[in-house]
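S.K.: Build me a structure from this.
(chains A and B)
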Amino acid sequence: MSDTTTTPLAGVRHLRQQLRDLASVEAPSSLLAGILTTAGIADRYFTLDTPLGVTYIAYNDHGLSAVRRPDSAAEFERSFRQHFGRAVYPATEPPEELVNELRRELRGEGRARIRFDLRGVSEFERAVLLKALEIPRGEVRPYTWIAREIGNPRAVRAVGTALGNNPIPIFIPCHRVIRSDGQTGQYGLGGPEAKRTMLSAEGIKLDTLEQLNSEGVRFIGSDTTHAFCFPTCHHARRISPAHRVYFRSEAAALAAGYRPCKVCRPAVGA
Amino acid sequence: MITEQTPADERLCAALVRHLESGFEQVVLAYQHRLYGFALRLSGNAQDAEEIAQDAFVRAYRALTTYTTEQTALLHLRPWLYQIALNVFRNRVRGLRIAETPLDGKDDEGDSVALHLEADAREQPERALAAAESERALAGLIAALPEHFRIAVVLRHIEGLSYGEMAALLGLPTGTLKAHVHRGVKLLRASLESLESQESRASRELHDAASVSEVG
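M.R.: Model prediction:
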């Protein structure tokens, strides 16, 4: 301590001023995020490599809340707030358990137990999304199938909208829902091209599917079991070429005396 | 004593009533620095202060989720938040951790003070450094005060609460509180004076040593 500190520290007035000065403290920037995320009114996010490239993943105590592909972190934070009405902050460290689950899911290693925060979606949307979750990796189903399975066979367009608004694409596999004519259809996370990328990454042979489609084939049956399936159903894929029977419609298959496969349920059982 | 709800708190309460989640974010933005500062003065270190402030706000939010619209609208936010922070602090002291408060003034909190003074330092490095040192020393001495004096001094002289607000918050008569503040300030002055004389003795010795070596 040298001549610069000759100001007397004591003296009541001076002390009071010094005490008042102590009030001007800046809280660390981590405090706001810590409070809001602990209170459950803000989410955390991290980025993850997926077949579509760098993807932003948001989560909270309820589970995954959003999956998006913005141009930047700032864009993600802005669009998240706009859509969900709450803030999202970068995770101080990515939650290891969750990241491992997501990676397992992307590699197709068994059924991951990922939880989803679907509080913001309607009852109908929830039914659609949960149904999409039932479609196994490497398989696709038409929009009409979802509509029928959730007991709303005529709501095909609404099913498309609900899937388009899927807040958690990739992990709720809306990309596995395609048009009845075999066209891949729209995809919220980057258009039809991204959808094809996802399906290819999961082992779907898009060429084969398009070939069948161009020939008007919708279902494949087995002349030994007399069951018919969607072409990507793992039962259909097991039928040897010699025993394959191709159908253009449910009606044609049913008329030929075939019953719908119990696993992929291509039609309401007779 | 019933104090008036301030216009700022009235606006914040209206925001809470409109939409609890976004309103609460505004409350945090408005009060985070004050509550953190309060926790920092009580606990004497930055890490405890952040934990206390976070815990206090989260408790406040959970309480708000159970309040009726009317209860929320009429809330006196400022004393209410201080009260919660104080309870969190006291529970921690009573419970697991008793914050270590080194008397030399070189506590953990030095970092945040240094950060806070960074802008000043660029303009007037020497004065800023001296100010930071005396501020740090003072913070250390406050943290070393007996708890009830510390709480009274911090609320009155740092946070600027009125005795009426303090009485409502602490549940003690204003006379008692005035005595606590008076005693606390007196203790602070005494420790500052002893710190000062230690320092001047040290610098005199240093000076003497230097002149000796010059002569030698």
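S.K.: longest helix in chain B, by residue count?
M.R.: Counting by DSSP state H, the longest helix found in chain B is helix B:174-215.
S.K.: now that helix: mean pLDDT?
M.R.: If you average the pLDDT over helix B:174-215, you get 80.
S.K.: The residue nearest the centre of chain A - nearest residue in space that isn't next to it in sequence?
M.R.: Central residue of chain A (Cα atoms, centre = their mean): residue A:169, 2.4 Å from the mean position. In space, and not counting its chain neighbours, residue A:169 is closest to residue A:189: 4.4 Å by Cβ to Cβ, 6 or more residues apart in numbering or on different chains. (Each C-beta comes from the backbone N, C-alpha and C, glycine too.)
S.K.: So that neighbour sits against residue A:50, correct?
M.R.: No - at 9.3 Å, residue A:189 and residue A:50 do not qualify as touching, with contact defined as Cβ atoms under 8 Å.
S.K.: Quick check: neighbours shared by these two?
M.R.: residue A:170 (Cβ atoms under 8 Å, 6 or more residues apart in numbering or on different chains).
S.K.: Just give me the neighbour total for residue 84.
M.R.: If you meant another chain, say so; for now it's chain A. Other residues near residue A:84 number 19, with proximity taken as other Cβ atoms under 10 Å in any protein chain shown.
S.K.: was after chain B, sorry
M.R.: 19.
S.K.: Kindly report the same for the one 3 residues further on.
M.R.: For residue B:87, the number of neighbouring residues by other Cβ under 10 Å comes to 14.
S.K.: Let me see the confidence value for it.
M.R.: If you check residue B:87, the pLDDT there is 92.
S.K.: Verify the assumption that it is located in a helix.
M.R.: Yes - assigned with DSSP: H, G, I helix; E, B strand; the rest coil, residue B:87 falls within a helix.
S.K.: Report the separation between it and residue B:93.
M.R.: Distance, residue B:87 to residue B:93, by Cβ to Cβ, to the nearest Å: 11 Å.
S.K.: can you check residue B:36 too?
M.R.: Remark: distance between residue B:36 and residue B:93 (Cβ to Cβ) = 18 Å.
S.K.: Check residue B:175 too.
M.R.: Between residue B:175 and residue B:93 the distance, using Cβ to Cβ, works out to 25 Å.
S.K.: Looking at the two, which is more packed in?
M.R.: Counted by other Cβ under 10 Å, residue B:175 and residue B:93 do not tie: residue B:93 has more neighbours, with 15 against 10.
S.K.: what are the phi and psi values for the one residue in the stretch 51-200 of chain A that gets nearest to chain B?
M.R.: Residue nearest to chain B within the stretch 51-200 of chain A (Cβ to the nearest Cβ): residue A:86, separated by 6.0 Å. Backbone torsions of residue A:86, given as degrees, to the nearest 10, read phi -150, psi 170.
S.K.: And for residue A:64?
M.R.: Residue A:64 adopts backbone torsions of phi -70, psi 140, taken as degrees, to the nearest 10.
S.K.: Same check on residue A:48?
M.R.: Backbone torsions for residue A:48, taken as degrees, to the nearest 10, come to phi -140, psi 140.
S.K.: Show me which residues of the stretch 51-200 of chain A are close to chain B?
M.R.: Where the stretch 51-200 of chain A comes near chain B, counting by Cβ under 8 Å from any Cβ of the partner chain, the residues are A:85-87.
S.K.: Next, format these as TSV and append pLDDT.
M.R.: Output for these, formatted as TSV (pLDDT from 0 to 100):
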residue	pLDDT
A:85	88
A:86	90
A:87	93
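S.K.: Report the buried members of those.
M.R.: By neighbour count, with 16 or more other Cβ atoms under 10 Å in any protein chain shown, those hold A:86-87 as buried.
S.K.: Among the residues of the stretch 51-200 of chain A next to chain B, which one lies nearest to residue B:165?
M.R.: Distance to residue B:165, by Cβ to Cβ, is smallest for residue A:87 among these, at 31.1 Å.
S.K.: excluding its backbone neighbours, what's nearest that closest one?
M.R.: Per Cβ to Cβ, 6+ apart, closest to residue A:87 is residue A:42, 4.2 Å.
S.K.: Can you name the residues that contact the one you found?
M.R.: So residue A:42 contacts A:33, A:36, A:60, A:86-89, B:25 (Cβ under 8 Å, 6+ apart).
S.K.: can you pull out the helices in chain A?
M.R.: Along chain A, counting by DSSP H, helices occupy A:12-21, A:30-38, A:73-84, A:96-107, A:123-132, A:143-149, A:156-164, A:191-201, A:206-214, A:234-238, A:250-255.
S.K.: hey, least reliable of those by pLDDT?
M.R.: Between these, the one with the least mean pLDDT is helix A:12-21; it has a mean of 84.
S.K.: got the contact list for residue 63?
M.R.: No chain was given, so I picked chain A. By Cβ under 8 Å, 6+ apart, the neighbours of residue A:63 are A:114-117.
S.K.: my bad, chain B
M.R.: Per Cβ under 8 Å, 6+ apart, neighbours of residue B:63: residue B:84.
S.K.: That one: which element?
M.R.: Per DSSP states H and E, residue B:63 falls inside helix B:46-66.
S.K.: Tell me what angle that helix forms with helix A:30-38.
M.R.: 40 degrees (axes from the mean of the first three to the mean of the last three Cα atoms, to 10 degrees).
S.K.: Give the rounded mean pLDDT of helix B:46-66.
M.R.: Averaging pLDDT along helix B:46-66 gives 95.
S.K.: Break chain A into its domains for me.
M.R.: With domains defined by automatic domain parsing, chain A comprises A:32-107, A:215-270.
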